[in-house]
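Chemist: Using only what follows, build the 3D model:
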Amino acid sequence: MPCRLVAALLLLAVSGMAVAGERVRPAALAGSWYPGEAAELGSYLDRTLDAAPAWSAPEGERVRALIAPHAGYAYSGATAAAGYRALRGQAFDRVILLGPSHHAAFRGVAIADADAWATPLGEVPIDAAAVTRLRASSLVGTGPEGPDREHSLEIQLPFLQRALAPGWRLVPILVGRLEADDYAALSGAIRPLLDGRTLVVVSTDFTHYGTRFGYVPFAADADVAGRLEALDKGALAQIEARDPKGFLDYQERTGITACGFRPVALLLHLLPSEARAYLVRYDTSGALLGDYRSSVSYLSIALTIPDGPAEPAAWDPESLRWLHRLAALRVLDAVAPTDASRASVDTLAGALPAQVREPAGAFVTLRKGGRLRGCIGYIAPIKPVWQAVLDNAEAAALRDTRFRAVEPGELNDLDIEVSVLTEPVAIADWTGFEVGRHGIVLVKGSRRAVFLPDVAVEQGWDREQTLTHLARKAGLPADGWREGAQYFVFTNHKHGGPLQEAIADTGPGAGSQ
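Modeler: Alright, predicted model coming up:
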C-alpha cells in the first residue's frame, strides 16, 4: 500500500473522522439554525466564545455538566457560549448529550443508529461501546423512523467541537416521555459512564411565553420581564438544590414550558450530592427583540463537583526507582536471606534520597506471570515512605493471607511494583469515585477494604462493578456498598518491573545520592 495512503488512513483514525461505509448522521440545521459553511461557522463560534463572560469554577471544583439553550444561534448563541467558554480547551473522552424530543412521541430514550454525527466543522464519532452498553436497558431504543428533524442535540455539537480539546466521542441521547420510575432506571444505566473524563450536556430552553406557545400565565405588561425571570429562577432554585422531584413538581405546578424538563430531571438524578449549580448567563428572546408578546428564556448553567484528592506531588523518577530497588532487595532478603542480601538492604537504606524520608502511604505489589502474587500496604502516611516500603515488601512476600509465602524458586519469575499514595480524602458518596484516577477505601461498620487505582482498569470493571468487588473483599454482600458505607479516595505514583532487574540495578539513584 502506498505510504501516502497509509498516512491518510492513519490520520483519519487518529482524528476520529468517519471512513467509507460508516453511517453518518448529516447536519440538518446547517445554513438555517447556524451558519452552514465551516469557515463562517468557525469564525462565529470564536467571536462568540471570545465575547462571552469569563466565568470559571471556584477553586477545588470542576465543571462536569452543562445545561445550555438550543434555539437558533441568532437568539441563544451568546447564552450558550457563556457556558461553553467555561469548558474551553478542556479535554474529555466522552460527551453524553441529553436533549428533548420535540417532534416524536415515545417512552424512554433513543440513540439513533449512527457511527458519527456531522456538522460543517467535521464529523463527531459515536462512543460505540457506551451506546452498546446503554442499549441493554429496555428504556433505550433507536428512535423514530423518517427524517431526523430534531434540533436539540445537533445544535450543541458545533459549540462542543470548537470549545473542547479534540479526541472526545459522543453519546447522543434523545429523551422522550418518562414515568416516575424511569428516572432511577435510566440514571442507573448511565451513571457507570460518568468517570472523570466524561462531560454531560443537557440541551433545553426554559419558559416559552405567549399565545404562540399556548402559555400565558400572566399579562404581557410592563412587569412581564421580571415575572418571566422569577418563573425561570424558580426552576433554577430546584436545580441548585439538586432536587429532581422538586424540579418536576415545580414544572407541574407552574406549567413552565421548559422543553427539556425531563432531561434536566434525569441529570439531577445522575449528579452526586455534593454537586453545585451556577447560573453563568440568563437572557430571553423578548429582551433581545424588545418584544415580550412572545419570548423564550435561555439559561447557561454550569454544574460542578469537588475535585478528588490532589494529584500526587511531583516525584523524582530516581526516587521512585530507588524505592523500587529497595523493595526488591527486601523481598530477596525475606525469601532467601543471606549475609549479602541483608548487607545490600542496609547499604541502600543508608543513603536515603530526601524525598523518601517524608511520610506517605505505600503499597508493594508482587505479580507472577501477570497474576497477583501478593499486595500489602499502608493507606495512611504513618511512616516515612522508605520504611513503609521495607515493611510492605516483606509482608507482600510472606504474609499476604490470600497466598502462600513466596518461595526462593519463584524469585526469577516475579514482577514488583511500588505505589506511593496521596493521603486519602473523604467523598460524599460513591459517585465521587473515578475509575482509573482514584484508589478507593470502603468502610462500613467494622468492615473495610481497599483497591489501588489500577485494579479496576486491569480487570476491566466500571465503577459499580469495582464497588461490588470491593464490598465482597470487605466481607460484605455484593450490594453492601450502596447504603451506609463511607468512602475515601486517593491517587498514586508508581514504579514497577522485574524483581531481578531491580535487584541488579546499579544506575543513578540505585545506591546513593
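
Chemist: Name the nearest residue to Tyr75, sequence neighbours excluded.
Modeler: Take Tyr75 and drop its neighbours on the chain: the residue closest to it by C-beta to C-beta, 6 or more residues apart in numbering is Ser285, 5.1 Å away. C-beta here means a position set from N, CA and C on the backbone, and glycine is covered the same way.

Chemist: Likewise for Arg135?
Modeler: Ile111 (7.1 Å).

Chemist: quick one: pLDDT of that neighbour?
Modeler: Model confidence at Ile111, given as pLDDT, is 94.

Chemist: where along the stretch 401-513 of the chain do the strands fall?
Modeler: Applying DSSP state E, counting those that start in this stretch to the stretch 401-513 of the chain gives strands spanning 414-421, 425-427, 439-444, 447-451, 486-490, 492-498.

Chemist: for the last one, packing partners?
Modeler: What it means is strand 492-498. helix 317-335, strand 414-421 (3 or more C-beta pairs under 8 Å, 6 or more residues apart in numbering; DSSP states H and E).

Chemist: Kindly format the C-alpha coordinates of the longest one as PDB.
Modeler: Taking only C-alpha atoms (Å, rounded to 0.1, in the frame of the first residue of the first chain), the coordinates of helix 317-335 have been written out as PDB:
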ATOM      1  CA  PRO A 317      11.800   9.300  38.900                       C
ATOM      2  CA  GLU A 318      15.100   8.400  40.500                       C
ATOM      3  CA  SER A 319      13.500   8.400  44.000                       C
ATOM      4  CA  LEU A 320      10.800   6.000  42.700                       C
ATOM      5  CA  ARG A 321      13.400   3.900  41.100                       C
ATOM      6  CA  TRP A 322      15.300   3.800  44.400                       C
ATOM      7  CA  LEU A 323      12.200   2.700  46.300                       C
ATOM      8  CA  HIS A 324      11.600   0.000  43.700                       C
ATOM      9  CA  ARG A 325      15.100  -1.400  44.200                       C
ATOM     10  CA  LEU A 326      14.800  -1.200  48.000                       C
ATOM     11  CA  ALA A 327      11.500  -3.200  47.800                       C
ATOM     12  CA  ALA A 328      13.100  -5.800  45.500                       C
ATOM     13  CA  LEU A 329      16.200  -6.300  47.800                       C
ATOM     14  CA  ARG A 330      13.900  -6.600  50.800                       C
ATOM     15  CA  VAL A 331      11.800  -9.300  49.100                       C
ATOM     16  CA  LEU A 332      15.000 -11.200  48.300                       C
ATOM     17  CA  ASP A 333      16.300 -10.900  51.900                       C
ATOM     18  CA  ALA A 334      12.900 -12.000  53.300                       C
ATOM     19  CA  VAL A 335      12.500 -15.000  51.000                       C
END
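
Chemist: Kindly export the helix or strand following it (C-alpha atoms) in CSV.
Modeler: Moving toward the C-terminus from helix 317-335, the next helix or strand (DSSP states H and E) is helix 339-349. Taking C-alpha atoms only, helix 339-349 is exported to CSV below (Å, rounded to 0.1, in the frame of the first residue of the first chain):
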residue,chain,number,x,y,z
ASP,A,339,24.5,-12.0,54.8
ALA,A,340,24.9,-10.5,51.4
SER,A,341,21.2,-9.8,51.0
ARG,A,342,21.0,-8.2,54.4
ALA,A,343,24.1,-6.0,53.6
SER,A,344,22.5,-4.9,50.3
VAL,A,345,19.4,-3.7,52.1
ASP,A,346,21.4,-1.9,54.8
THR,A,347,23.7,-0.3,52.3
LEU,A,348,20.8,1.1,50.2
ALA,A,349,18.9,2.3,53.3
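
Chemist: Quickly note the distance from the residue nearest to Tyr75 to Thr79.
Modeler: 10 Å (C-beta to C-beta, to the nearest Å).

Chemist: ok, now Arg437?
Modeler: On the measure of C-beta to C-beta, Arg437 and Thr79 end up 32 Å apart.

Chemist: Neighbour count: these two, which is higher?
Modeler: Thr79 (24 against 16; other C-beta atoms under 10 Å).

Chemist: Mind giving me the packing neighbours of the strand of greatest length in the chain?
Modeler: Assignment by DSSP state E gives strand 295-306 as the longest strand of the chain. If you count contacts as 3+ C-beta pairs under 8 Å, 6+ apart, strand 295-306 packs onto strand 61-68, helix 73-85, strand 208-209, helix 224-240, strand 276-284, helix 285-289.
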